[in-house]
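> pasting the structure only:
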């Protein structure tokens, strides 16, 4: 008689818990940065690829491309009739805006030849813009409170609604339940696993290109301006479709920025911040995060710290902090720890803890964390924890935003498994940045142990 089939622990884990297991944990620390903090947390989850599922997408054109097909229109600062022969490369200008008389320069792309989009300067971002990654392509969401439609951590496809769009203003509370299939967003990105059949259009089609390291095809196709209602007023919008291919993998980006100088600058800045993860950070890229290796950890409880135990995991938290159980744990007992220091994030809002953390432990059984945690992530290291046969920590630091005083913040994520078929635990911490914060993380890690 055959032995009963034993389910893979990771498969069981996926069946029980699709997505992140702990409540939303703000990654930042400073007053007025609640939105930026949530964006930063989503970036961390995306980079970590926690349970990210790459949705197989076809290479078909999306809603905007279908509606505006065969209605291409040249962008401002381009020409319907371009030079017959390539011009010498023009050195970069200190001016961030488009050059009015920049000569047309052609480059090879996707088996064809297209003019380079003028006026694009790499690395131009506004304070509050946030980086995200989709299937290996990094992009920067403009500042101002854009609303995601879909799961930024799920891979495959994501949309973003601009702050002044009806979607963002009238359906903001519903956006988490919407998908990109339900609406037309102002930025939509799709990852296409097989783009080998893509090719560049004719050089006089009105399409343009950009040079992105590692990309063998970049095609930017502007369509005719359309009029739609935004904030109760008619607004002209310019749909643009961009295709990028690296090897056989591709990305389709459809943007709908205002058809004015500000919107055209936003498009150029958006395209100028695209880069491929496999080819490393470009020279012009200024990372939002710094990754830390912690080094040796001393196992001890600092004086004045308070000991606690959750689901068999023993730990301690700093003096004057407090802990409270939560009833929304996903796989075990859940406790929130918060600092006595508070911050007000909005004029009429109640103060909230400036620093905090979550500890969740439970669900005994075979260790499923190796199927979830990527040890190759930057800032990730294995640590020794008494009573644990698996303990991994990742530490990411975000610097303070321009105009903010004090340190930046540390986002710390710890995954543990008790020896044998013991409990699983996940700890997330939002601690102050800088050397003081790193030492605080080391002290916290030194308090961890599993009770016998």
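Here it is on my side, so go on. Since we're looking at a predicted model, the values are computed, not measured. Numbers count the residues shown, from 1 in each chain.

> what does stretch 243-250 contact?
Stretch 243-250 is contacted from outside by 59, 110, 135-137, 191-196, 198, 212, 214-219, 221, 251-253, 274, 276, 278, using C-beta atoms under 8 Å, 6 or more residues apart in numbering. All C-beta spots, glycine's among them, are computed from the backbone N, C-alpha and C.

> report the buried residues of stretch 332-344.
Buried residues in stretch 332-344, counted by 16 or more other C-beta atoms under 10 Å: 332, 333, 334, 335, 336, 337, 338, 339, 343.

> helix, strand or coil for the fourth one?
What it means is residue 335. With DSSP: H, G, I helix; E, B strand; the rest coil as the basis, the three-state label of residue 335 is strand.

> ok, it - contacts?
So residue 335 contacts 308, 310, 323, 324, 325, 326, 358, 359, 360 (C-beta under 8 Å, 6+ apart).

> please repeat the previous calculation with a cut-off of 10 Å.
Residues near residue 335 by C-beta atoms under 10 Å, 6 or more residues apart in numbering: 308-311, 313, 315, 317, 323-326, 329, 357-361, 427.

> just the buried ones from those?
With burial judged by 16+ other C-beta under 10 Å, the buried subset of these is 310, 311, 313, 315, 317, 329, 357, 358, 359, 360, 361, 427.

> pLDDT value on the second one, please?
Model confidence at residue 311, given as pLDDT, is 93.

> quick one: the residue lying closest to it once chain neighbours are set aside from residue 383, how far?
With C-beta to C-beta, 6 or more residues apart in numbering as the criterion, residue 311 has its nearest non-adjacent residue at 2.8 Å, and that residue is residue 361. Using C-beta to C-beta, to the nearest Å, residue 361 is found at 16 Å from residue 383.

> coming back round to it: which of the contacts of residue 335 fall in helices?
Assigned to helices by DSSP state H, none of these qualify.

> so what's the nearest residue to residue 333 once chain neighbours are set aside up against?
For residue 333, the nearest residue in space outside its immediate sequence neighbours is residue 311; the separation is 4.3 Å by C-beta to C-beta, 6+ apart. Counting by C-beta under 10 Å, 6+ apart, residue 311 makes contact with 329, 331-335, 359-364, 418, 422-425, 450-451.

> at 6 Å what do you get?
Residue 311 is in contact with 332, 333, 361, 362, 423, counting by C-beta atoms under 6 Å, 6 or more residues apart in numbering.

> now the two most distant members of the residues you listed.
For the contacts of residue 311, the farthest-apart pair by C-beta to C-beta is 333 and 423; their separation is 9.2 Å.

> mutual contacts of these two, please.
311, 361, 362.
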